[in-house]
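K.L.:
predicted model, plus sequence, below.
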Amino acid sequence: MDRYTPLFVNTAGKTCCVIGGGRVAERKIKGLLHAEAHIKVFSPEITAELKQLHDDSRIEWIARSYRNGDLRGAFLVYAATDHVEVNSSVVQEANEAGILVNDAMSSERSAFITPSVVRRGRLSIAISTAGAGPAAAAEIRSTLEQQFGEEYETYIEFLHQMRTEVKARVSSPGHRRVLLRQLTEMNVLEDIRTGQFRWWTEEEIGNWISRNQEEL
Ligand SMILES: C[C@@]1(CC(=O)O)c2cc3[nH]c(cc4nc(cc5[nH]c(cc(n2)[C@H]1CCC(=O)O)[C@@](C)(CC(=O)O)[C@@H]5CCC(=O)O)C(CC(=O)O)=C4CCC(=O)O)c(CCC(=O)O)c3CC(=O)O
Ligand SMILES: NC(=O)C1=CN([C@@H]2O[C@H](COP(=O)(O)OP(=O)(O)OC[C@H]3O[C@@H](n4cnc5c(N)ncnc54)[C@H](O)[C@@H]3O)[C@@H](O)[C@H]2O)C=CC1
């Protein structure tokens, strides 16, 4: 398969099963933890870092090999063992149960694949090569990380704050659109980069909205 549908899935509080506890499983788990999933790891052994997460009660660990039936109640499943037959059995159970599954060994068997991700607060830029070259995806991530620096976290948070206020205070969708477009034309990013940015008070936001609405 060479064309996929990109999605951003809400996994908060949802049970996600990971079969296997090696380096690859650890990477998938860190991504899931970031998105507040409830993680169940089935694996006889796990990495030191996963052991620490388990000791800190951040993940559930079932310390044995995978058995048919383990996926019951799962929202998403990741097969990340080093045994192709085990991964295939996991994929089969998930498919039969209608649960979306990722097989770290095979994009062909996977219902979804894991992208490489640039994270800047609310901003995520996900990259996939449709399984052709995961290392290339990681390289592209590095390039994008240079281009989209840490300042984007503040910038997007500012836009979110302003957009929330505009949505609450301005009822006309047309006016809202014009105001929101003006926001992206302000030099906020440059101000953040040069240390001149400061958060606006609610009063300042209100004044900005009134001032700009008068001009519409
Ligand atoms: C299909 C997919 C399925 C999935 O896992 O979802 C898949 C499959 C496979 N990966 C393999 C190898 C490597 N994968 C990485 C790294 C990453 N792999 C990731 C995703 C994906 N890997 C999905 C496709 C993504 C896309 O569409 O581009 C990333 C992006 C995300 C993540 O894992 O979180 C993460 C980078 C994160 C980052 O740094 O940003 C490295 C580099 C490293 O480990 O340092 C290597 C070694 C170098 C090499 O081989 O290229 C192998 C061969 C295994 C073998 O040889 O046995 C297979 C199996 C196959 O290709 O058949
Ligand atoms: N998708 C990706 O990003 C990548 C995928 N791979 C593939 O993923 C595989 C796993 O890679 P690593 O994590 O580095 O291997 P690893 O050998 O470090 O980890 C394998 C894990 O699977 C567990 N395991 C083995 N049999 C099991 C069973 N029956 N039930 C449950 N758990 C079981 C082991 O205890 C171990 O924790 C590789 O063999 C390779 O084919 C490799 C590199 C990147």
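P.N.:
Done, it's in. Ligands and ions are numbered 1, 2, ... in the order given.

K.L.:
every contact and neighbour count from this point should use C-alpha atoms.
P.N.:
OK.

K.L.:
regarding this structure, what is its longest helix?
P.N.:
helix 151-169 (DSSP state H).

K.L.:
list the contacts of that helix.
P.N.:
Here helix 151-169 makes contact (Cα atoms under 8 Å, 6 or more residues apart in numbering) with 120-123, 176, 179-180, 183-184, 188-189, 192-193, 199, 205, 209.

K.L.:
check the offset of that helix from the chain's centre.
P.N.:
Computed by Cα atoms, centre = their mean, to the nearest Å, the chain-centroid distance of helix 151-169 equals 19 Å.

K.L.:
can you check stretch 126-137 too?
P.N.:
Stretch 126-137 sits 16 Å away from the centroid of its parent chain (Cα atoms, centre = their mean).

K.L.:
mind listing the strands for the protein?
P.N.:
Per DSSP state E, the chain carries strands over the ranges 15-19, 38-42, 60-62, 76-79, 100-103, 116-120, 123-127.

K.L.:
does ligand 1 sit close to the last one?
P.N.:
The reference is to strand 123-127. No. If you take Cα under 6 Å from any ligand atom as the test, strand 123-127 misses ligand 1, and the best it gets is 6.7 Å.

K.L.:
can you list the residues of the chain near ligand 2?
P.N.:
Contact residues (Cα under 6 Å from any ligand atom) of the chain with ligand 2: 19-25, 42-46, 65-66, 80-83, 86, 104-105.

K.L.:
how about a cut-off of 5 Å?
P.N.:
Listed as neighbours of ligand 2 in the chain under the rule Cα under 5 Å from any ligand atom: 20-24, 43-46, 65-66, 81-82, 104-105.

K.L.:
which PyMOL command selects the buried ones in the residues you listed?
P.N.:
Those of those that count as buried under 16 or more other Cα atoms under 10 Å are selected in PyMOL with:
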select buried, resi 20+21+22+23+43+45+46+66+81+104+105
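
K.L.:
isn't G20 right up against V41?
P.N.:
Yes. Checked against Cα atoms under 8 Å, the pair G20 and V41 is within contact range at 6.9 Å.

K.L.:
just give me the neighbour total for the residue lying closest to N87 once chain neighbours are set aside.
P.N.:
Closest residue in space to N87, ignoring its immediate chain neighbours: A79 at 5.1 Å, by Cα to Cα, 6 or more residues apart in numbering. Neighbours of A79 under the rule other Cα atoms under 10 Å: 30.

K.L.:
D56 too?
P.N.:
By other Cα under 10 Å, neighbour count at D56 equals 9.

K.L.:
give me every residue that touches it.
P.N.:
Neighbours of D56 in contact, by Cα under 8 Å, 6+ apart: none.

K.L.:
alpha carbons only: can I get stretch 64-84 in PDB?
P.N.:
The C-alpha trace of stretch 64-84 is given here as PDB (Å, rounded to 0.1, in the frame of the first residue of the first chain):
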ATOM      1  CA  ARG A  64       4.300 -13.000  30.000                       C
ATOM      2  CA  SER A  65       4.000 -13.900  26.300                       C
ATOM      3  CA  TYR A  66       1.000 -12.900  24.300                       C
ATOM      4  CA  ARG A  67      -2.000 -15.100  24.300                       C
ATOM      5  CA  ASN A  68      -5.100 -15.100  22.100                       C
ATOM      6  CA  GLY A  69      -7.700 -13.000  23.900                       C
ATOM      7  CA  ASP A  70      -5.300 -10.400  25.300                       C
ATOM      8  CA  LEU A  71      -6.600  -7.700  23.000                       C
ATOM      9  CA  ARG A  72     -10.100  -7.700  24.400                       C
ATOM     10  CA  GLY A  73     -11.300  -4.200  25.100                       C
ATOM     11  CA  ALA A  74      -8.400  -2.600  23.200                       C
ATOM     12  CA  PHE A  75      -8.900   0.600  21.200                       C
ATOM     13  CA  LEU A  76      -5.500   0.300  19.300                       C
ATOM     14  CA  VAL A  77      -3.000  -2.500  19.100                       C
ATOM     15  CA  TYR A  78       0.800  -2.500  18.400                       C
ATOM     16  CA  ALA A  79       2.500  -5.800  17.600                       C
ATOM     17  CA  ALA A  80       6.200  -5.100  18.400                       C
ATOM     18  CA  THR A  81       7.800  -8.400  19.200                       C
ATOM     19  CA  ASP A  82      10.900  -9.800  17.400                       C
ATOM     20  CA  HIS A  83       8.900 -12.900  16.200                       C
ATOM     21  CA  VAL A  84       7.000 -12.700  13.000                       C
END
